[in-house]
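Chemist: Next comes the sequence, and after it the predicted model I'd like to discuss.
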Amino acid sequence: MTPAGMNRWILSILGLAALTQPVTPQTAAHSKRIVIAASSALDGKGRVLRNTRIVIEGTKIVALDPKAGPADYDLRGLTVLPGWIDAHVHITWIFGKDGKNVGGGETTQDAAYRTASNAWLTLMGGFTTVQSVGSPSDIFLRDVIAQGLLAGPRILTSMEGLSGPGEQTGTPDEIRAYVRKQKAAGADLIKIMASGGMLQGSKTLSQEQLNAACDEAKKQGLRTLVHACRDAVPAATLAGCTQIEHGLGATDQDLKLMAEKGTYFDPQAGLTLETYTLNKGRYAGSPYFPKTEEAIVSTNEKILPLNHELMRHASKIKGLKIVFGSDAVAGAHGRNAEEFIDRVRDCGVDPMTALVSANSLGAEALDMADQIGSIAAGMQADIIALDGNPLKDITAVRRVVFVMKGGVVFKNVARGAIPALTGFPSGPAGA
Ligand SMILES: [Zn+2]
């Protein structure tokens with residue numbers, strides 16, 4: 001299906017083809033002033049606010065005023081915080097009708113519904129903004145959600161990524177043209193594949209190619225996210241790229257270079273690998289995955305300790321800006337917050353640091369620090385609440401009982417009612 005055809009088709013399945021003026025939830029929210037009472041709120045920048053009230057008008061927070069009233073939502077006893085930001089997801093990755101992983105390339109009706117489900121699960125899991133890297137069909141989902149036609153997180157997309165090997169990727173001039181083409185097509189950022197997989201392989205793009213990609217993106221006002229392991233890490237850093245993904249094999253010297261250059265770093269602590277293992281029957285034999293379940297598990301067992309070690313090392317590098325990117329794939333959507341638990345439990349990351357990485361620091365990495373990622377007057381009203389205190393027990397991130405995005409409440413369930421919304425898949429190839 002052509003992109004335009006897909007777009008028309010998505011609108012038609014939603015029964016909205018004839019709608020000339022989208023009625024957004026935001027429109028409805030505009031006239032109303034909403035007051036949220038909180039006994040404990042994390043401001044997203046590392047501070048805890050006690051006994052305050054958050055006043056919202058339209059899509060934004062207009063004040064923090066302990067005397068405001070009456071409270072429309074009483075979230076006292078919960079932990080209130082800004083909606084989370086996941087810097088790296090694959091929102092279109094799904095399990096197909098037979099339960100097996102089909103990756104993110106499908107444009108069938110089934111795939112469109114399942115992708116919409118991923119978006120809904122992600123929002124219910126407390127993530128109000130995600131960055132999706134590597135699928136051209138993200139853009140339709142991004143746009144219908146932005147128009148208020150479908151429940152989901154705010155989406156930023158790279159659409160299709162730039163990948164190696166170098167000689168097939170083109171000359172620096174061709175790469176610059178590619179970046180401009182991506183921008184014209186509506187990409188919010190540029191994703192670059194600069195190295196092979198997690199366990200082996202050196203960089204797949206030359207320094208000149210990386211320089212061209214990241215320099216042209218900067219000229220076009222776009223950020224660059226680079227999948228880089230080993231020698232691709234310093235190469236992408238020196239090329240002035242915005243953010244480095246994964247980073248396995250990076251030395252302490254590479255990490256220090258990133259800190260020095262202000263490059264954001266997005267290593268993972270386990271959610272994706274755990275998802276592959278939990279769903280080994282669904283992933284075995286699917287494109288790019290080992291044929292057997294045993295091979296999936298044994299590969300994960302090799303990579304996971306390397307992830308943990310890298311996260312532990314990176315956390316100790318002074319000034320290194322580590323963001324939260326779960327790399328969520330099929331089976332992980334809605335469970336993105338597991339990555340917080342992995343960071344804290346397995347890598348010794350301090351809970352507040354882990355949470356801030358998905359709030360103000362995550363927003364800064366998206367160049368959206370003036371809009372999202374913290375609770376303060378003037379910010380988008382993206383507010384969630386957890387049943388529990390994640391600073392004392394990080395597993396509280398699993399218990400998201402309240403979700404507001406842009407001033408609209410999408411979830412407000414009774415405390416203790418959470419297990420129904422874990423986003424765990426079920427079906428033919430299930431555990
Ligand atoms: Zn990824």
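Modeler: Okay, I see it. Numbering: from 1, shown residues only.
Chemist: Need the phi and psi values for residue 352.
Modeler: phi -60, psi -40 (degrees, to the nearest 10).
Chemist: sorry, that was for residue 72
Modeler: With angles defined as degrees, to the nearest 10, residue 72 sits at phi -80, psi -30.
Chemist: hang on, it packs against residue 54?
Modeler: No. With contact defined as C-beta atoms under 8 Å, residue 72 does not reach residue 54; the gap is 10.4 Å. Glycine gets a C-beta too; all of them are placed from N, C-alpha and C.
Chemist: so what sits against both of these two?
Modeler: 35-36 (C-beta atoms under 8 Å, 6 or more residues apart in numbering).
Chemist: Quote the end-to-end distance of stretch 241-258.
Modeler: End-to-end span of stretch 241-258 (C-alpha to C-alpha, to the nearest Å): 10 Å.
Chemist: Name the spans of the stretch 51-200 of the chain whose pLDDT lies under the cut-off.
Modeler: 164-167 (pLDDT under 70).
Chemist: which stretches of it form strands?
Modeler: For the stretch 51-200 of the chain, strands defined by DSSP state E, counting those that start in this stretch occupy the ranges 60-64, 73-74, 79-82, 84-89, 94-95, 101-103, 127-132, 154-157, 162-163, 189-193.
Chemist: For residue 304, which non-adjacent residue is spatially closest?
Modeler: residue 273 (5.2 Å; C-beta to C-beta, 6 or more residues apart in numbering).
Chemist: That neighbour in helix, strand or coil?
Modeler: Assigned with DSSP: H, G, I helix; E, B strand; the rest coil, residue 273 falls in the helix class.
Chemist: Tell me how many other residues crowd it.
Modeler: 22 (other C-beta atoms under 10 Å).
Chemist: Adding mean neighbour count and distance to residue 319, write the strands of the stretch 51-200 of the chain out as TSV.
Modeler: Below are the strands of the stretch 51-200 of the chain laid out as TSV (neighbours: other C-beta atoms under 10 Å; distance: least, C-beta to C-beta, whole Å):
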stretch	mean neighbour count	distance to residue 319
strand 60-64	18	29
strand 73-74	16	38
strand 79-82	28	23
strand 84-89	29	18
strand 94-95	24	39
strand 101-103	21	36
strand 127-132	29	23
strand 154-157	23	25
strand 162-163	20	28
strand 189-193	26	23
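Chemist: Regarding the nearest residue to residue 214 once chain neighbours are set aside, what is its secondary structure?
Modeler: Using C-beta to C-beta, 6+ apart and skipping residues adjacent in sequence, the residue nearest residue 214 is residue 241, 4.1 Å away. Using three-state DSSP, the structure places residue 241 in coil.
Chemist: Test my guess that residue 241 contacts residue 227.
Modeler: No. Residue 241 lies out of contact with residue 227 (C-beta under 8 Å); the separation is 10.7 Å.
Chemist: re earlier: for the residue nearest to residue 304, what are its contacts?
Modeler: Going by C-beta under 8 Å, 6+ apart, residue 273 touches 300, 303-304, 307.
Chemist: can you list contacts of stretch 244-252?
Modeler: So stretch 244-252 is contacted by 88, 133, 198-199, 225-231, 233, 236-237, 254-255, 258, 263-268, 303, 306-307, 310, 313-314, 317, 325, 327 (C-beta under 8 Å, 6+ apart).
Chemist: what is the rounded mean pLDDT of that stretch?
Modeler: In this model, stretch 244-252 has an average pLDDT of 96.
Chemist: quick check: domain ranges of this structure?
Modeler: 25-82+374-421, 84-365 (automatic domain parsing).
Chemist: Just name the most buried of these.
Modeler: domain 84-365 (a mean of 21; mean count of other C-beta atoms under 10 Å).
Chemist: thinking again about what came up before, I'd like the contacts of residue 273 as JSON lines, with secondary structure and distance to residue 80 appended.
Modeler: Below are those laid out as JSON lines (DSSP: H, G, I helix; E, B strand; the rest coil; distance: C-beta to C-beta, whole Å):
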{"residue": "300", "secondary structure": "helix", "distance to residue 80": "35"}
{"residue": "303", "secondary structure": "helix", "distance to residue 80": "36"}
{"residue": "304", "secondary structure": "helix", "distance to residue 80": "33"}
{"residue": "307", "secondary structure": "helix", "distance to residue 80": "31"}
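Chemist: Going by distance to residue 82, which of those residues wins?
Modeler: Closest to residue 82 out of the contacts of residue 273 is residue 307 (26.1 Å), distances taken as C-beta to C-beta.
Chemist: wait, doesn't the closest one sit right on residue 271?
Modeler: No. Using C-beta under 8 Å, residue 307 is not in contact with residue 271; the gap is 10.1 Å.
Chemist: picking up where we left off before, measure the residue nearest to residue 214 to residue 191 for me?
Modeler: Using C-beta to C-beta, to the nearest Å, residue 241 is found at 11 Å from residue 191.
Chemist: can you check residue 258 too?
Modeler: Distance from residue 258 to residue 191, by C-beta to C-beta: 18 Å.
Chemist: How about residue 150?
Modeler: Relative to residue 191, and taking C-beta to C-beta, residue 150 is found at 23 Å.
Chemist: before we move on, what about residue 296?
Modeler: For residue 296, the distance to residue 191 - C-beta to C-beta - is 25 Å.
Chemist: Then residue 332?
Modeler: For residue 332, the distance to residue 191 - C-beta to C-beta - is 18 Å.
Chemist: can you check residue 221 too?
Modeler: The value you get for residue 221 to residue 191, if C-beta to C-beta is used, is 16 Å.
Chemist: quick one: common contacting residues for residue 241 and residue 191?
Modeler: 224-226.
Chemist: And those, which is closest to residue 399?
Modeler: residue 225 (30.2 Å).
Chemist: so the closest one touches residue 190, yeah?
Modeler: Yes. Between residue 225 and residue 190 there is a contact at 7.3 Å, judged by C-beta under 8 Å.
Chemist: which residues do the two both contact?
Modeler: residue 158.
Chemist: On the three-state scheme, the closest residue to residue 76 other than its chain neighbours is what?
Modeler: Distances taken as C-beta to C-beta, 6+ apart put residue 39 closest to residue 76, at 4.1 Å, once the chain neighbours are dropped. Of the three states, residue 39 takes strand according to three-state DSSP.
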